[in-house]
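Engineer: have a look at this fold, sequence not included:
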């Protein structure tokens, strides 16, 4: 199972999430579960725009992570995401991250799975717990409940919609 995290803080955030889910279903794989949508402040940078965050589990059409990543970048670009800063956080119409891919550990120049900052981001852990309550972090050897308890991010998440 592939687990993706979605975030948006520009434009109609609810429609951005819904469009991203439609494109994911078309280009990446069959969505098995979607989490609720949660609102949070920006993380890693200052913005007055609040984020909507969600996660989904997918049965991917391809098991090749590079191909999945290319499809993610295609969807982000198709939705209008423009990356103006290299490796920097900024406002965005959509951001799609691979949170985990089963219990695989993949680390190369382009991709790190599980997401290297997953355990530091409550806005990713809470939606992930909704769709994968039994998931265990293969590197940290912690279950999702323990990851949430130990998370250094204590920012408030507000429930928006299921």
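Structural biologist: Yep, it's here. The model shown is predicted, which means the values in this text are computed figures rather than measured ones.

Engineer: select the longest strand from this protein.
Structural biologist: strand 51-60 (DSSP state E).

Engineer: stretch 83-100 - what's its average pLDDT?
Structural biologist: Rounded to a whole number, the mean pLDDT of stretch 83-100 is 85.

Engineer: ok, residue 110 to residue 18 distance?
Structural biologist: Separation of residue 110 from residue 18 (Cβ to Cβ, to the nearest Å) stands at 28 Å. From N, CA and C alone the C-beta is placed, and that goes for glycine too.

Engineer: tell me which of those two has more neighbours.
Structural biologist: It is residue 18, of residue 110 and residue 18, that has more neighbours when counted by other Cβ atoms under 10 Å, with 14 against 10.

Engineer: now the helix or strand harbouring the more buried one: buried residues?
Structural biologist: Element membership of residue 18, judged by DSSP states H and E, is helix 13-27. For helix 13-27, the neighbour count (16 or more other Cβ atoms under 10 Å) marks 13, 16, 17, 19, 20, 21, 23, 24 as buried.

Engineer: give me the contacts around it.
Structural biologist: Judged by Cβ atoms under 8 Å, 6 or more residues apart in numbering, the contacts made with helix 13-27 from elsewhere in the structure are 4, 6, 8, 10, 31, 34, 37, 51-52, 54, 56, 58, 71, 74-75, 78-79, 93-94, 96, 160-161.
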